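K.L.:
Predicted model and sequence below, questions to follow.
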Amino acid sequence: ANRSIIDMAGYKNKEEVIGRSVFDFTSQGDRDRAMQNLEKIFIEGKKAYGDLEEYTLVDKTGREHCVEVSSSIIHDNEQEPRYIITVVRNVTRRKFEELGRIRFIKRQESLLAINQTLSETLDLQELLDKASTKIVGIMDVDASAIYLLDEGRQQLNLGAQSGFSTGFVSEIGTVNIDEDEISRLSQHRSAGIRLAESLSEENYSRIVDAINRDKFQTLTIEPLRAKGKLHGTVCIASRAAHGTTATDMELLRAVSNQIAVAIENAALYKDSEEKAKRLQLISAISMIIGSSIDINSIYETFSQGVKKLVDFDQSNITLIEGNNTKVIAATYSVETELVVGSTMSLPSTSVQWAVLNKMTNIADDLAKEKQFGVDNIHFKEGMRSAIRLPLYSKGDVIGTYNLLSHRPSAFGKREQQILQELTTQIAVAIENSRLFTRLKQHEKELEAANRALAAKTLDMEINKSLLDSAYFNMAKTVVLLAESRDQHSEHHSERVAELCRCLASKMGLPEDEITQIETAAMMLGLGKAEIPESILQKPGPLTSKERAELRSYQMKAIDMLRVPESMDGVVPILEGMHESFNGEGYPGKLRGNEIPVGARILAVTDAYIAMISNRPYRDAMTEERAQDTIRQGSGKQWDPQVITALLHVLK
C-alpha cells in the first residue's frame, strides 16, 4: 500500500493495513460484488476483468469514499494467478458533482413539467387542480394543497388539493387570518415556514390536529408570492418521517414561484376579460341613461343592466329635498316600504352620512349592526347587506344610489368599483332631468310671459340667455357621456381646454377670445355621441370611407352649435381646426392667417394631447416624441408661431 491509500483509509502507516482483509475496507453493500469479481480472477481462471469498477471505501472513522478501482493479475511460473495489483483513485468529488448534476436535471425537469402544466390553461380553477396533482408527483409527497388569499375578508381559502381527506378539507378549507399573520406570511424568507411562528396559536392548533388525524408526519408550507404580492400558500404533507430536506425546500420554493406567477397571470386574464365585459355593459347602461330625461321611466331597464354586473335584490335612488330625503326611483324583488315617493327626515340617514363623509358606506351584515334607522326596515324585509354610494353635482352630494342584498357581505371592493363608475352617469342623468324640468318650466313661463307681456323684451332676452346656457350645459353633458364611451379619450376635451387657455394666454390673446377657444375645446367630444363603436374603438387606421363618415359626424356636431347665438364665436374655431397651415386641410382649404387663430391653437393642442394619450390603435407617445412630431408639422399642418408658444408653455 502506498502513502495515498494509507491517508485515504485514515491510518498513520502501512503496517496498520498490511495483512488485513480487503473487505475490512469495503462497504457492506459492495462486498458481494467484490467477491464475485475475485472469483472471476482466481477461481474461474480469468486473466483479468473488464472495465473500471466503482466501490465505496470505508475509512478508519467509518466515513465513506467513492473510489474507482482498476486491477491487474500477476501469475507464477506455472502461469497460475497468484497476486492482484489494484490501483485506486478517489472519485468522491466527481460523484458528488454528478449527483449535483442529477439533482439539477431532476429539478429542471420538475420545473419544466409543472411549467408545462401551468401553461396549459388560464382558467384559475383548472390551473390549481392540475398544479396540486402535479406537486404530489414532483415533490414525492403524499398530499398537497393550494390556498388562495382573500385579503379583503382576511381568509386563506382552499383552492385545490390532492391526497388530503374530506375531513381535513371540511375542517381546514378556510383559515381566518389577521393582518399580522398575513404580514408574516408575506415577509417570510427562510426555507419553509414554521407554522408556530407564522400563524396564531388557534390556527396552528387546528392545522396540527387535522394533520395528526390524517396521520401525516410532516407538513411544509411555502408562500405564493409574485412581484412582492402574497397570493396564498402551497402546502405539502408526507406520512414518511424523513422530513423535508434543503433540496426539497429549494424545489418547493421554485415550484411555488411558478404557481404564484401563473395565478397572477390567470387573475390578470380574468380581470381583463371581466373589464371588457364590464365596459361593454357600462356602455350599454350609459346609452340607457342617456336615452331619457326622466330617470324613473328607464330605471327598471337600467337596473337590469346593473344586475348583470352586481348581484342585488333591492335598489333605489334617494335625493335630498330640503331637510328630507325622497326616493325618486326604485326596483325590488320583495315588497318594501321604500317605494318611489317615500320621504324621510334627513338627519341620521345614510344620505346625511354621505354628505358629511363624502364616501361610500357599506354594511356587511345588518343582523349585527344597524347604522341607520332605515336599516331596521331593510332587515325586517330580509335584507342582510347594503351599499350606499354618494351622488355628486358640482362637488356637492345631492343623494345616494343604494343597493341591498339578501346575502351578508354581498358588496366588496369589486362591486364598489363597478358601481362608482355608474354613479357619475346617474348624477348626470338626474341633473339632466332636473335641468329638463327647469327648462320645461321656463318654457311655460316664457309662453305665459309672451302672451301677457309681449312688450317686455328684456325678460325675453334674459330667458333666451338661460336657454343658451342650458343648451351649452346639455352639450357639455353630451360630451361627457360621449367621452365616457371611450376610456382612451375620457376627459380629453377638459385636458385640451386647459392647455388651450395656457397657450392663448401665453400668446397674449384677450380674455373673451381665450374663453371662446376654451369653450370650443370643451365641445370637441360632441361629435362622438353618434360615432359607431366600430369606428370609435377601431384598433387600426380608418379607411377613407370611415374618415369621411367621421368628418360628417363632426360637421353635424358643429351644426348643432349654430343654434345659440352665444356659440357664434365658437363655431368658426371648430370649423377651422381641421384646416392646415399650408392650405391642404378641410373643409375650406384655408391657408396661414386665413385660419382663425383660435382654430390654429386648438388644432395643435388637440393633436398634442391625443399623441400623449392611449388610443385603441396605439400606446401613448412620450412627451419628447410628441413634441418632435409637432415640430415636424411646423409650417405644414400647424402654425409655427403657435408651436413655438406651445413648446415654451410645455417647458
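P.N.:
Nice, I can see it.
K.L.:
Would you tell me which strand is longest in the chain?
P.N.:
Counting by DSSP state E, the longest strand found in the chain is strand 64-75.
K.L.:
Can you name the element that comes right after that strand?
P.N.:
Using DSSP states H and E, the helix or strand that follows strand 64-75 towards the C-terminus is strand 81-90.
K.L.:
Restricting to C-alpha, output that next one in PDB.
P.N.:
C-alpha atoms of strand 81-90 as PDB (Å, rounded to 0.1, in the frame of the first residue of the first chain):
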ATOM      1  CA  PRO A  81      -3.000 -16.300 -10.900                       C
ATOM      2  CA  ARG A  82      -1.100 -15.600  -7.700                       C
ATOM      3  CA  TYR A  83      -1.400 -11.900  -6.900                       C
ATOM      4  CA  ILE A  84      -3.600  -8.900  -7.900                       C
ATOM      5  CA  ILE A  85      -2.300  -5.400  -8.100                       C
ATOM      6  CA  THR A  86      -5.100  -2.800  -7.600                       C
ATOM      7  CA  VAL A  87      -4.900   0.900  -8.500                       C
ATOM      8  CA  VAL A  88      -7.400   3.000  -6.500                       C
ATOM      9  CA  ARG A  89      -8.500   6.600  -7.400                       C
ATOM     10  CA  ASN A  90     -10.600   8.700  -5.100                       C
END
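K.L.:
returning to that earlier point: could you say what helices and strands the longest strand of the chain packs with?
P.N.:
Packing contacts for strand 64-75, counted by 3 or more C-beta pairs under 8 Å, 6 or more residues apart in numbering; DSSP states H and E, involve helix 31-42, strand 53-58, strand 81-90, helix 92-118. C-beta: built from backbone N, CA, C; applies to glycine.
K.L.:
Show the residue spans covered by the strands in the stretch 151-300 of the chain.
P.N.:
Secondary structure of the stretch 151-300 of the chain (DSSP state E, counting those that start in this stretch): strands located at 155-162, 174-176, 218-226, 229-238.
K.L.:
Residue 200 reaches residue 178, doesn't it?
P.N.:
Yes - between residue 200 and residue 178 there is a contact under C-beta atoms under 8 Å: 7.0 Å.
K.L.:
of the two, who's got more company?
P.N.:
Neighbours were tallied for residue 200 and for residue 178 using other C-beta atoms under 10 Å; the higher tally belongs to residue 200 (15 against 11).
K.L.:
what are the phi and psi angles of that one?
P.N.:
Phi and psi for residue 200, reported as degrees, to the nearest 10, are phi -70, psi 160.
K.L.:
got a list of what it touches?
P.N.:
177-178, 181 (C-beta atoms under 8 Å, 6 or more residues apart in numbering).
K.L.:
quick revisit: and the longest strand of the chain, how far from the chain's centre?
P.N.:
Centroid separation for strand 64-75 versus its chain: 65 Å, with C-alpha atoms, centre = their mean, to the nearest Å.
K.L.:
okay if I get the strands of the stretch 151-300 of the chain as TSV plus mean pLDDT and mean neighbour count?
P.N.:
TSV is the format used below for the strands of the stretch 151-300 of the chain (pLDDT from 0 to 100; neighbours: other C-beta atoms under 10 Å):
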stretch	mean pLDDT	mean neighbour count
strand 155-162	87	19
strand 174-176	86	15
strand 218-226	82	22
strand 229-238	85	22
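K.L.:
Dump these into JSON lines; add distance to residue 139 as well.
P.N.:
Listed next are those as JSON lines, based on distance: least, C-beta to C-beta, whole Å:
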{"stretch": "strand 155-162", "distance to residue 139": "11"}
{"stretch": "strand 174-176", "distance to residue 139": "21"}
{"stretch": "strand 218-226", "distance to residue 139": "9"}
{"stretch": "strand 229-238", "distance to residue 139": "5"}
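K.L.:
So for residue 430, which of those strands sits nearest?
P.N.:
strand 155-162 (38.3 Å; C-beta to C-beta).
K.L.:
Show me what the closest one is packed up against.
P.N.:
helix 124-139, strand 143-150, helix 166-172, strand 174-176, strand 229-238.
K.L.:
try it again with 7 Å
P.N.:
Secondary-structure packing of strand 155-162 (3 or more C-beta pairs under 7 Å, 6 or more residues apart in numbering; DSSP states H and E): helix 124-139, strand 143-150, strand 174-176.
K.L.:
Any stretches of the stretch 201-350 of the chain with poor pLDDT?
P.N.:
Applying pLDDT under 70 to the stretch 201-350 of the chain flags the ranges 241-247, 269-270, 273-275, 277-294.
K.L.:
one step back: between the contacts of residue 200, which is nearest residue 92?
P.N.:
Of all the contacts of residue 200, residue 92 sits closest to residue 181, with 45.6 Å by C-beta to C-beta.
K.L.:
Mean pLDDT lowest where, among the helices and strands packed on strand 64-75?
P.N.:
Among the helices and strands packed on strand 64-75, helix 92-118 has the lowest mean pLDDT, at a mean of 64.
K.L.:
Do I have it right that residue 364 meets residue 407?
P.N.:
No - counting by C-beta atoms under 7 Å, residue 407 is not a contact partner of residue 364; they are 10.2 Å apart.
K.L.:
Looking at the two, which one has more neighbours?
P.N.:
The residue with more neighbours, out of residue 364 and residue 407, is residue 364; 17 against 13, by other C-beta under 10 Å.
K.L.:
tell me the contacts of the more buried one?
P.N.:
Contact analysis of residue 364 by C-beta atoms under 7 Å, 6 or more residues apart in numbering lists 385, 408-409.
K.L.:
Buried members of the residues you listed into ChimeraX, please.
P.N.:
Here is the ChimeraX command that selects the buried residues among the contacts of residue 364 (16 or more other C-beta atoms under 10 Å):
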select :385
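K.L.:
Identify the residues contacting the closest residue to residue 638 other than its chain neighbours.
P.N.:
Closest residue to residue 638 apart from its sequence neighbours, by C-beta to C-beta, 6 or more residues apart in numbering: residue 604 at 4.9 Å. Contact analysis of residue 604 by C-beta under 7 Å, 6+ apart lists 630, 638, 642-643, 646.
K.L.:
hmm, back to that, right, so of the strands of the stretch 151-300 of the chain, which gets closest to residue 341?
P.N.:
For residue 341, the closest of those is strand 155-162, at 42.1 Å, according to C-beta to C-beta.
K.L.:
Now do that closest one: distance to the chain's middle.
P.N.:
Relative to its parent chain, strand 155-162 has a centroid offset of 21 Å by C-alpha atoms, centre = their mean.
K.L.:
Give the pairing partners of it; include direction for each.
P.N.:
strand 143-150 (antiparallel), strand 174-176 (antiparallel) (DSSP bridges).
K.L.:
which of these sits most buried?
P.N.:
Of all those, strand 143-150 carries the top mean neighbour count, a mean of 22, counting by mean count of other C-beta atoms under 10 Å.
K.L.:
How about residue 366, nearest residue that isn't a chain neighbour?
P.N.:
residue 379 (4.4 Å).
K.L.:
Need the contacts of residue 364 in JSON lines (columns: secondary structure, pLDDT and distance to residue 332).
P.N.:
Below are the contacts of residue 364 laid out as JSON lines (DSSP: H, G, I helix; E, B strand; the rest coil; pLDDT from 0 to 100; distance: C-beta to C-beta, whole Å):
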{"residue": "385", "secondary structure": "strand", "pLDDT": "94", "distance to residue 332": "15"}
{"residue": "408", "secondary structure": "coil", "pLDDT": "92", "distance to residue 332": "19"}
{"residue": "409", "secondary structure": "coil", "pLDDT": "91", "distance to residue 332": "20"}
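K.L.:
which among the contacts of residue 364 gets closest to residue 444?
P.N.:
Distances from residue 444 to the contacts of residue 364, taken by C-beta to C-beta, are shortest for residue 385, at 44.6 Å.
K.L.:
For the closest one, name its beta-bridge partners.
P.N.:
residue 405.
K.L.:
List the residues that contact it.
P.N.:
Contacts of residue 385 by C-beta under 7 Å, 6+ apart are 363-366, 405, 407-411.
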